[in-house]
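[1] how does the following fold in three dimensions:
(chains A and B)
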Amino acid sequence: MAVRMEEVLSRRTGDPSSTDHPGHRLELSTEDGVTKIFGFWMFLVSDVLLFASLFATYVVIYTHTANGPSASELFGHDVSGFLAETLALLTSSFTCGLATWEMHQGRAGRLKFWMIITLLLGLTFLGLEITEFRDFVSQGATLQTSAFLSGFYTLVGTHGAHVTLGILWMSLILYQLVRFGLNAVTARKFYIVGLYWHFLDIVWVLIFTVVYLTGVM
Amino acid sequence: MSMVRPPALERAPGQARFPWSHVAGYALSIVLTLAAFWAVLGHALPTKPLLAGILLLAVLQILVQLVFFMHVGQDSKPRYHLWLFSVAMFFFVVFVVSSMWILTFNTPIS
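    Now for the predicted structure:
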């Protein structure tokens, strides 16, 4: 690990503050960082396509309730649940942005603080979602009940799986920041997991609108 | 394990001491979310304009995330990620809208 980091750092393109990027863009200070961040945007495009197919499936089948509960029956009786999930995730996207901002100021301590807050909000979101799913299943609304519910659990569950992965991933980056400190490599790693986190918030905004709000309309 | 020290970080001149743009982005995203929520629960509009309205609010919300938090358009490098994300959004719309459109035909298979 140390060898690789030193090798990467030896490929630094000189003083970062002398380039187009101000010195505070540590994650862009190496060729390696720029390339990997670009590569991550390519991954996000493919992830958009995954969610596009799940959204397309959902909007096609969501009226097919097969005598099971409809979207308005399921989501309408407790709208505070999905609103709380939304606010938790929106706030975590904000705190993740603050973490990136502190990283750009070179303040590793505050970066770690906001990462921990972001992780806690992510766990809150996940807890609310698991509670919601358990509540739905206890009302007899399972994955097998209807086409609508298969589409619902697959779409929202795939997003939840992404959040779970994001929490594990960000925890590991937090560990690396504690262990190795803030440098060009750890800055790039945190910047990328931050992009992933904001992206999950974007997907949730669409789920909030297309699944929940349209459901209770 | 040698410690790799970060390079000295100089604050760029004129750089904000407080993350105002993040706070603005957060405030905007909360306002947009609550506006969509109350529009739907209060039945502020008939169904079709309401649907169009909340979709518009969602698109604005996505732009807020992209611009305020993901810093799209703020890099001086060639803006590959801007193009990549535009292509992704195009595919997204094609997938979803064409799936809905094809079903409006509703012709039985003979």
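[2] check the burial of A:Cys50 by counting its neighbours.
    Just to correct that, residue A:50 is Leu rather than Cys. Residues near A:Leu50, counting by other CB atoms under 10 Å in any protein chain shown, number 12. To be clear about C-beta, it is placed using only N, CA and C from the backbone, and glycine gets the same treatment.
[3] quick one: residues contacting it.
    A:Leu50 makes contact with A:Thr158, according to CB atoms under 8 Å, 6 or more residues apart in numbering or on different chains.
[4] tell me which element it falls in.
    helix A:31-61 (DSSP states H and E).
[5] following that helix, which helix or strand comes up?
    That would be, after helix A:31-61 and using DSSP H and E, helix A:71-76.
[6] only the buried residues of that next one, if you could.
    The neighbour-count check on helix A:71-76 (16 or more other CB atoms under 10 Å in any protein chain shown) flags A:Ala71, A:Leu74, A:Phe75 as buried.
[7] try stretch A:149-169
    Neighbour-count burial for stretch A:149-169 flags A:149-153, A:155-156, A:159-160, A:162-163, A:166-167 (criterion: 16+ other CB under 10 Å).
[8] what mean pLDDT does the helix holding A:Leu50 get?
    On average, the pLDDT along helix A:31-61 is 93.
[9] report the distance from it to the chain centre.
    The chain centre lies 12 Å from the centre of helix A:31-61; the measure is CA atoms, centre = their mean, to the nearest Å.
[10] and if you look at stretch B:45-60?
    Taking CA atoms, centre = their mean, one finds stretch B:45-60 lying 15 Å from the centre of the chain it belongs to.
[11] again with stretch A:120-139
    Put simply, stretch A:120-139 sits 16 Å off its chain's centre (CA atoms, centre = their mean).
[12] again, but for stretch A:62-71
    The answer for stretch A:62-71 is 29 Å, by CA atoms, centre = their mean.
[13] give me the subset of the buried residues of stretch A:149-169 lying in strands.
    Secondary structure from DSSP state E places none of these in strands.
[14] distance to B:Leu57 and pLDDT added to those residues, as CSV?
    Formatted as CSV, those follow (distance: CB to CB, whole Å; pLDDT from 0 to 100):
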residue, distance to B:Leu57, pLDDT
A:Leu149, 26, 96
A:Ser150, 28, 96
A:Gly151, 23, 96
A:Phe152, 22, 97
A:Tyr153, 26, 97
A:Leu155, 20, 97
A:Val156, 20, 98
A:His159, 19, 98
A:Gly160, 23, 97
A:His162, 23, 98
A:Val163, 22, 98
A:Gly166, 25, 98
A:Ile167, 28, 98
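[15] next, the residue of chain A found nearest chain B: phi, psi?
    Proximity of chain A to chain B (CB to the nearest CB) peaks at A:Gly106, 3.4 Å away. According to degrees, to the nearest 10, the main-chain angles of A:Gly106 amount to phi 80, psi 20.
[16] any stretches of chain A with poor pLDDT?
    A:1-24 (pLDDT under 70).
[17] stretch A:109-117 and chain B in contact?
    No - against chain B, stretch A:109-117 shows no contacts by CB under 8 Å from any CB of the partner chain, the least distance being 10.2 Å.
[18] residues making contact with that stretch?
    Contacts to stretch A:109-117, defined as CB under 8 Å, 6+ apart, come from residues A:92, A:95-96, A:98-99, A:102-103, A:170, A:173-174, A:177-178, A:182, A:190.
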